[in-house]
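Peer 1: Fold the following, please.
(one chain, ligands or ions: 1)
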Amino acid sequence: MQSCDVVILGAGAAGMYCAIEAGRRGRRVLVIDHAQAAGEKIRISGGGKCNFTNLGIAPDRFLSQNPRFALSALKRFTARDFIARLDAAGLGWQERSLGQLFLTGPATQLVAHLAADMARAGVEMWLGCGLGAVRREGAGFVVETQRGPVWAASVVVATGGKSIPLMGATGYGYGVAESFGLRLVETRPALVPLTFAAQDLAVLKPLAGIAVAGRATVGKVGFDEAVLFTHRGLSGPAILQISSYFREGDTIRLDLARGREVAAELRALRGQAGRIALRTALAQMLPEKLARHIEALSGVTGTLADQSNVVLDRVAALVQDWHLKPVGSEGYRTAEVTLGGVNTDDLDSRSMEARAVPGLYFIGEVVDVTGWLGGYNFQWAWSSGWAAGQAA
Ligand code: FDA
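Peer 2: Residues are numbered from 1 along each chain as shown. Prediction:
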């Protein structure tokens, strides 16, 4: 039987990073993945430029039953640490809005760099190799694989979540966790476009393609980012962000003219140019197509001068406090991440080791730690992978 010190299940961001660290410590490391290539999500992320971290890493940017769990790993291997590695490798990066850091070159360069670091650290990798059950044997574990059983002193589960099955996501890691008695936090798709019932969709669909600098709110949580109308409903960063907080039955509120005082502006315009149509006034604050649509939705006819304060306030509410009730989301098919996962109460926050199963580790998206959009999820993958790489 093939044997090694550490077998890492999953060659994504977390698994690759963990492999480099464990290999550098002199551990004999084998990484196994059923995909034909390592780091596929890194390759396609951030429009091919990988939003690899964020300068605003803080516990409130992560969702988890225990949001403080992630802190230890995030503090021990920080965004600055990752940047230093990119700099040392000569990989260029740039800051875009909201502290988001992207590569300047293609994300494939980062994947190649990680693979080269793994090779330098002596890590062996089996791609295109399916995984079966994991069981305890002696002082370690046996992992069933398509290439036969593998014995290892430590097993690191880095198989990610359920998001985008077409890219190889399986939820395999949750099964391993359960088979060793670890608890799971219910999983659901996150960072995902929201979907609507037919009558709402009929209202939204004609606006497909329009993007505005908006604010989307659900309950007390709101995000100031772009809102994008699509043929299926709503998307764009603001919507993806609130999708992590949205639950069926919730109402979301949209401000489509963030930073403006639409009611006050309409009243002022009525005084200065009362003979213009409502849509003309709204077009000073919104894309013209959206302005016409809001006018139609409001049912208002005539000029601005014809409208009372009550009517103008009602129109302003449509622009800045539009209430919508999504029926759900597009699901794992398009979700960037999976909420929930291996319960952090069952893991050691310093090493990611299962408290009740010495030698078994869980890192990355399979754990109940989910970041906001904007590089937070990759930083969690690097940090948790690094932490387990020091211990496994
Ligand atoms: P990841 O999913 O990366 O890796 C898991 C690996 O396990 C895969 O290689 C898979 O093939 C393998 N695997 C799964 N099941 C298996 C099985 N049964 N047998 C064998 N192997 C198995 N985040 C961010 O911070 N910035 C960004 O720009 C983006 N952009 C982005 C775009 C898109 C389209 C998606 C889908 C996601 C993002 N993300 C992101 C999220 C980010 O990709 C994600 O958080 C990390 O890839 C998670 O890393 P992991 O290593 O945990 O899982």
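
Peer 1: With just CA atoms, put stretch 342-349 into PDB.
Peer 2: C-alpha atoms of stretch 342-349 as PDB (Å, rounded to 0.1, in the frame of the first residue of the first chain):
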ATOM      1  CA  VAL A 342     -18.000  21.300   9.100                       C
ATOM      2  CA  ASN A 343     -18.900  22.700  12.500                       C
ATOM      3  CA  THR A 344     -16.100  24.800  13.800                       C
ATOM      4  CA  ASP A 345     -16.800  23.700  17.400                       C
ATOM      5  CA  ASP A 346     -15.400  20.300  16.400                       C
ATOM      6  CA  LEU A 347     -12.100  21.800  15.000                       C
ATOM      7  CA  ASP A 348      -9.100  23.400  16.700                       C
ATOM      8  CA  SER A 349      -8.900  27.000  15.400                       C
END
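
Peer 1: Give me the buried positions along it.
Peer 2: Residues 342-344, 346-349 are the ones in stretch 342-349 that count as buried (16 or more other Cβ atoms under 10 Å). No exception for glycine: its C-beta is placed from N, CA and C like everyone else's.

Peer 1: Would you mind naming what in the chain lies close to the ligand?
Peer 2: 10-15, 33-35, 40-41, 44-46, 50-51, 130-131, 158-160, 163-164, 168-170, 172, 336-337, 364-365, 375-378, 381 (Cβ under 6 Å from any ligand atom).

Peer 1: For PyMOL, write the selection for the buried entries among the residues you listed.
Peer 2: The buried residues among the residues of the chain next to the ligand can be selected in PyMOL (16+ other Cβ under 10 Å) with this line:
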select buried, resi 10+11+12+13+14+15+33+34+35+40+41+45+46+50+51+131+158+159+160+163+164+168+169+170+172+336+337+364+365+375+376+377+378+381
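
Peer 1: of all the buried residues of stretch 342-349, which comes closest to residue 264?
Peer 2: Using Cβ to Cβ, residue 344 is the member of the buried residues of stretch 342-349 that sits closest to residue 264, with 46.7 Å.

Peer 1: Can you tell me the SS state at the closest residue in space to residue 170 that isn't next to it in sequence?
Peer 2: Leaving aside its sequence neighbours, residue 170 sits nearest to residue 159 (Cβ to Cβ, 6 or more residues apart in numbering; 6.7 Å). Recorded secondary structure, residue 159: coil (DSSP: H, G, I helix; E, B strand; the rest coil).

Peer 1: can you tell me which residues contact residue 159?
Peer 2: 9-10, 12, 15, 131, 170, 172-173, 176, 366 (Cβ atoms under 8 Å, 6 or more residues apart in numbering).

Peer 1: Where does the stretch 251-392 of the chain get nearest to the ligand, which residue?
Peer 2: Closest contact between the stretch 251-392 of the chain and the ligand, by Cβ to the nearest ligand atom, is at residue 364 (2.2 Å).

Peer 1: Could you list which residues are in contact with that residue?
Peer 2: Residue 364 sits next to 10, 12-15, 158, 160, 380-381, 384-385 when contact means Cβ under 8 Å, 6+ apart.

Peer 1: Tell me the bridge partners for residue 252.
Peer 2: Counting by DSSP bridges, residue 252 is bridged to residue 218, residue 324.

Peer 1: Reformat the contacts of residue 364 into a markdown table and put distance to residue 182 next to each item.
Peer 2: A markdown table is the format used below for the contacts of residue 364 (distance: Cβ to Cβ, whole Å):
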| residue | distance to residue 182 |
| --- | --- |
| 10 | 17 |
| 12 | 20 |
| 13 | 22 |
| 14 | 17 |
| 15 | 18 |
| 158 | 15 |
| 160 | 16 |
| 380 | 18 |
| 381 | 19 |
| 384 | 15 |
| 385 | 19 |
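
Peer 1: pLDDT and secondary structure for these - can I get that in CSV?
Peer 2: Putting those into CSV (pLDDT from 0 to 100; DSSP: H, G, I helix; E, B strand; the rest coil) gives the following:
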residue, pLDDT, secondary structure
10, 98, coil
12, 98, coil
13, 98, helix
14, 98, helix
15, 98, helix
158, 98, coil
160, 98, coil
380, 98, helix
381, 98, helix
384, 98, helix
385, 98, helix
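
Peer 1: Show me the two of these that sit farthest apart.
Peer 2: Using Cβ to Cβ, the contacts of residue 364 reach their maximum pairwise distance at 10 and 380, which is 14.3 Å.

Peer 1: Having no further points to raise, I will conclude here.
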